[in-house]
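> Have a look at this prediction, sequence included:
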Amino acid sequence: MAQVHFSAGLRDLTGGLAQVEVEATTVRRLVAALEEQFPGIGERLSEASSVAINGEIFTDAEYEPVDSDAEVHFLDIFQGG
Amino acid sequence: MARTHITAVVNGDETEFLTEDGTSLLNALRDEVGLTGAKEGCGTGDCGTCSVMIDGKVTTSCLVFAPEAQGATILTVEGLADSGQLHPLQQCFLEGAALQCGICTPGFLIAAKALLDKNPDPTETEIRYALAGNLCRCTGYDKIVRAVQEAAREMRGQ
Amino acid sequence: MAIIEENPGYKWVGTRPIRPDGLEKVTGKAQFGADLMLPGMLFGKVVRSPHAHARIVSIDTAAAEAMVGVKAVITGSDFPDLAANGAHASDIDVANNAIAREKVLYEGHVVAAVAATTREQAEAAAKAVEVTYEILPHVLTVDEAMAEGAPLLHEGMITKGVDPAPEEPSNIASKILHERGDLDQGFGEADVVVEREFTTKPVHQGYIEPHAAVADANTDGRAHIWCSSQGHFQMRAYSATVLGVSPGTLKVTAAEIGGGFGGKTVIYLEPLAVRLSQRAGRPVKLVMDRDEVFRATGPTSGTRIRVKMGVSKDGKITAAEVWMAYEAGAYSGSPVGAAGMTAIACYDIPNFVVEGYDVVCNKPRVAAYRAPGAPMAAFAVESVLDELARDIGMDPIDIRLANAAVEGTQASYGPKFPRIGFVETLEAIKDHPNYTAELGPNQGRGVAAGFWFNAGMMSSATVHINENGTATVVTGSPDIGGSRQSMALMAAEELGISYESIKAVVADTETVGFNDVTGGSRVTLATGAAVVDACRLIVEDLRARAAKTWDVEVDQVEWVDGQAQHVDGSQPPLSLGDLAAKSGRTGGPISANASLNSRGVGAGFSTQLCDVEVDPETGVTRVVRYLTAQDAGRAISPDYVEGQMQGGVVQGIGWALNEEYIHDQDGVMENPSFLDYRIPVASDLPMIDCAIVEVPNPAHPYGVRGVGEVGIVPPMAAVGNAINDAIDVRMTDLPMSPVRILEALTEQRD
């Protein structure tokens, strides 16, 4: 089960939960599973997030694999200069 | 409006061009003579990117009216190399990584040449003050100053 | 140069040869955006709003159109209405910022543009465009924009990230929040707590080359754009959006670029130049003058930041509370998000709240500026940490060592850090002779640290082998700082041929695959990775060709030092030149492509040491000594890594001591020139000493970490902490200009 962490800014959609366990093999499936649990979160996550999987940050993470004990964080998008 | 005919010696060659009276020497060199080495960074004489030498004196060409160049001897960055042989300043800038984006480089080369023409053995402080009229945003000036020091050493034969 | 981990015997990576574009830049041959001349070319001029906030009542272009030499005049009505077409909100903002529609939102906002045969005619025509405005009240700072009853820039703006969502619109576009642990408990555990409020002013990236674009459009709508930009694929995409065309109809060539620092990752002139060229039927050159660059292009945000931190007497940070408001300018999108993620990222803090607000105001839309958002937050946090260290009598490096993030630390923004080099940069400072250099009267010393993620993103590269075994490396990343050299160095290392036999070029949007912008400290890592991948494909191909030539299996062939060698030495080696000369026999021309969305980005840390001398009579601060230690992972090109380190430091020094936007009460900028917007000059500075730390990024083939940005994060606090050490005054408002220092000294005396 992947451990998914939500920054404080997303917790209004998870009813205050900071951490959730999800079964999924890719980020896309993980987001779909989260959308089932917390309706509306899918749009917020795809719009405003980079994703860190086991510490590595991805800007286009949809099809990245998520292994069974992955730690996943949804991060605010940032821009370089 | 009829344009004025100007004759000047530019980088060792007798050069003629036409210009409006109100056009800057910078724009005349770039648009009429085709020498785009001098750049406009500010148009108000504050950044030094347009620096050329007029009759041996380093000048911000954006503040000079083109007709004032009549009969003058002008040196631009394109005239620094001699028959394909780079000036020591140019070589030292390359070897010392004294440029990043390179937009300020022509102006610095002219200003540095003007300094070394007058003072072949400048201190670091003298170099910094002589170059204070040239803005660089990329390098923080460290490698530029070192390149001028190295070129000065070479030109003194050391 | 402090090298932490052994260089595994690279032949080319890590050396200091001359960069490929250097010769043209020192001889004046290099072509920057404003240097291009095309036959029949017209000069363009933009008409801009003189008001900070106004409704456009009418625009009358008749007089301008009738003037001698004028070939085209355009206004907002010459561009598609993206809002009506249901476009994405962010695209609508880009389009409206490019040219105003119903309202102007800042002084300098584009209202119209003209093209004429000479510069003088274009300027006269621009002045002849008659615009009638209905002036509206404006807001200039976060304080004014967030105040109760403030005039609104966007009537429908409801703050995102707040639950429940506000019922009334405001100028607050969004809120960000990061939390961990229990703040009250954390402060309860502290022996000393310091709380301070800081303000910073907008500052401009300050690139010496103003924006420039030349567009040559055909009657069928296709156009060729040459522009000064950090990303020509991005310019193509944005221009296509604003013009309402397919990106494939636009060809964009990246001119050499005279500085960007993030400010040229966005469009200004390009779509205007294309539309003017289409209307006029001739090429159009549009160049900003310096006044326009200041009045109308994105600086970075001004801010208000409050920081409260507590430490135990043995130096452990027990709690941190950060509140930030960042100016976005006319449209949402300040870097407050990144600020929230980087503010305390250097440290392992168990209890914290970081809260931030993205606030619109009637000033130019902010654009990225080197580690966007991070420097302001670091100024605040590193200043407070300095005060805490003094209060408990702890050395500033030691307090940072006591709390430093290391591999496995859970970053304040969420994930655990992989192998990082922050501690190594702290130690590099402490071990350096500058740390114990003697200080004279009125002199002081300050330390500060900073963090930046660096970016990965997408790049493409093609490598061709010429018939004599030399190579061309083609990428699409505009070269701001010497990256063509790094590409050639990595290719030399991979192919085993000399650096001098490789030519690295930047191609246009039609001749190389997609590349994201040059920025985010990503080119050496991401475009480099594409180059490495393409070279590795070529090496595979070369082994196969050698195997064919020797009639052996491929696993019998090794590629060593630019040659195919048989594993048991039974064949004379085949050089790259040999294989290239006879490539027709082994399958045809030798070339390979690689495109990727890069992985394995390594975070960057910088610790800096600043010595200043403050003149108590004039308030002038002089930097007398400066040392920066930065973890580069692996310095592919040490000359240019140092260059990035030094450049970032000096921009930070300008930000700390002098640079600011000054507006009058009508929202008009009063100092839009390099005379009055004072960036550092050579006589302001000492040599900038560099310690390149190399803690290789384990996820990259060469261990590369981005280096371009993190250097600008610590300097303001380093300078502020040094000033405090010199005159015992804590400056909390930037810039720490002579007037402000004198005011603070006077207050201190009274």
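Noted; the coordinates are in hand.
> my read: C:Gly643 touches C:Ile480, true?
No: judged on Cβ atoms under 8 Å, C:Gly643 makes no contact with C:Ile480 at a distance of 10.6 Å. C-beta: built from backbone N, CA, C; applies to glycine.
> so what sits against both of these two?
Both C:Gly643 and C:Ile480 are contacted by B:100, B:138, under the criterion Cβ atoms under 8 Å, 6 or more residues apart in numbering or on different chains.
> which residues of the chain score low on pLDDT?
Picking chain A for this. By pLDDT under 70, the low-scoring segments of chain A are A:47-48.
> try chain C instead
Using pLDDT under 70, chain C drops low at C:1-7.
> Check whether the longest strand seen in it comes into contact with chain A.
Of all the segments of type strand in chain C, defined by DSSP state E, the longest one is strand C:317-329. No: counting by Cβ under 8 Å from any Cβ of the partner chain, chain A is not contacted by strand C:317-329; separation bottoms out at 12.6 Å.
> what separates that strand from the chain centre, distance-wise?
Distance of strand C:317-329 from its chain centroid, counting by Cα atoms, centre = their mean, to the nearest Å, is 21 Å.
> Which strands and helices lie in contact with it?
In terms of contacts (3 or more Cβ pairs under 8 Å, 6 or more residues apart in numbering or on different chains; DSSP states H and E), strand C:317-329 is packed against helix C:142-146, helix C:183-189, strand C:303-311, helix C:336-342, strand C:352-360, helix C:374-391.
> Redo these as TSV? Include distance to B:Gln100.
What follows is these, written out as TSV (distance: least, Cβ to Cβ, whole Å):
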stretch	distance to B:Gln100
helix C:142-146	33
helix C:183-189	44
strand C:303-311	28
helix C:336-342	24
strand C:352-360	31
helix C:374-391	20
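> C:Gln230 and C:Glu642: what is the separation?
To C:Glu642, C:Gln230 is 21 Å away according to Cβ to Cβ, to the nearest Å.
> Excluding sequence neighbours, find me the nearest residue to C:Lys175.
Distances taken as Cβ to Cβ, 6 or more residues apart in numbering or on different chains place C:Gly161 nearest to C:Lys175, at 4.0 Å, with adjacent residues excluded.
> Next up, the contacts around that neighbour.
Contact analysis of C:Gly161 by Cβ under 8 Å, 6+ apart lists A:9, C:174-177.
> hang on, the earlier thing: how about the helices and strands packed on strand C:317-329, which one is nearest chain B?
Nearest of the helices and strands packed on strand C:317-329 to chain B, taken as Cβ to the nearest Cβ: helix C:374-391 at 15.5 Å.
> can you pull the contacts of the residue of chain A at minimum distance from chain B?
Closest residue of chain A to chain B, Cβ to the nearest Cβ: A:Gly81 (13.2 Å). Neighbouring residues of A:Gly81 by Cβ under 8 Å, 6+ apart: C:205, C:261-263, C:265, C:367-372, C:519-520, C:709.
> what kind of secondary structure is C:Asp216 in?
strand (DSSP: H, G, I helix; E, B strand; the rest coil).
> Isn't it up against C:Arg222?
No: between C:Asp216 and C:Arg222 there is no contact under Cβ under 8 Å: 9.5 Å.
> Among those two, which residue is more densely surrounded?
Taking neighbours as other Cβ atoms under 10 Å in any protein chain shown, C:Asp216 and C:Arg222 compare with C:Asp216 leading, 22 against 16.
> how close does that one sit to chain B?
For C:Asp216, the distance to chain B (Cβ to the nearest Cβ, to the nearest Å) stands at 18 Å.
> Please name the nearest non-neighbouring residue to that residue.
Here the residue nearest C:Asp216, using Cβ to Cβ, 6+ apart, is C:Pro283, at 4.0 Å.
> and that neighbour, what is it in contact with?
Residues near C:Pro283 by Cβ under 8 Å, 6+ apart: C:38-42, C:214-216, C:277.
> list the buried ones in the helix ranked longest in chain A?
Looking only at chain A and at elements set by DSSP state H, the helix with the highest residue count is helix A:27-37. For helix A:27-37, a neighbour-count test (16 or more other Cβ atoms under 10 Å in any protein chain shown) marks A:27-28, A:30-31, A:33-35 as buried.
> What segments of chain B are helices?
B:25-27, B:88-95, B:105-118, B:124-130, B:142-155.
> Adding neighbour count and distance to B:Leu63, write the contacts of A:Gly81 out as JSON lines.
What follows is the contacts of A:Gly81, written out as JSON lines (neighbours: other Cβ atoms under 10 Å in any protein chain shown; distance: Cβ to Cβ, whole Å):
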{"residue": "C:Gln205", "neighbour count": "22", "distance to B:Leu63": "25"}
{"residue": "C:Phe261", "neighbour count": "30", "distance to B:Leu63": "27"}
{"residue": "C:Gly262", "neighbour count": "27", "distance to B:Leu63": "31"}
{"residue": "C:Gly263", "neighbour count": "26", "distance to B:Leu63": "26"}
{"residue": "C:Thr265", "neighbour count": "25", "distance to B:Leu63": "32"}
{"residue": "C:Ala367", "neighbour count": "25", "distance to B:Leu63": "30"}
{"residue": "C:Ala368", "neighbour count": "29", "distance to B:Leu63": "33"}
{"residue": "C:Tyr369", "neighbour count": "27", "distance to B:Leu63": "29"}
{"residue": "C:Arg370", "neighbour count": "30", "distance to B:Leu63": "31"}
{"residue": "C:Ala371", "neighbour count": "35", "distance to B:Leu63": "36"}
{"residue": "C:Pro372", "neighbour count": "32", "distance to B:Leu63": "35"}
{"residue": "C:Gly519", "neighbour count": "30", "distance to B:Leu63": "34"}
{"residue": "C:Gly520", "neighbour count": "31", "distance to B:Leu63": "38"}
{"residue": "C:Glu709", "neighbour count": "31", "distance to B:Leu63": "35"}
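> Within reach of chain A, which of those are there?
Among those, chain A is touched by C:205, C:261-263, C:265, C:367-372, C:519-520, C:709 when using Cβ under 8 Å from any Cβ.
> now, which of those residues lie within helices?
Per DSSP H, the subset of the ones next to chain A among the contacts of A:Gly81 in helices is empty.
> C:Gly450: which of these is nearest?
The nearest member of those to C:Gly450, counting by Cβ to Cβ, is C:Ala371 at 7.5 Å.
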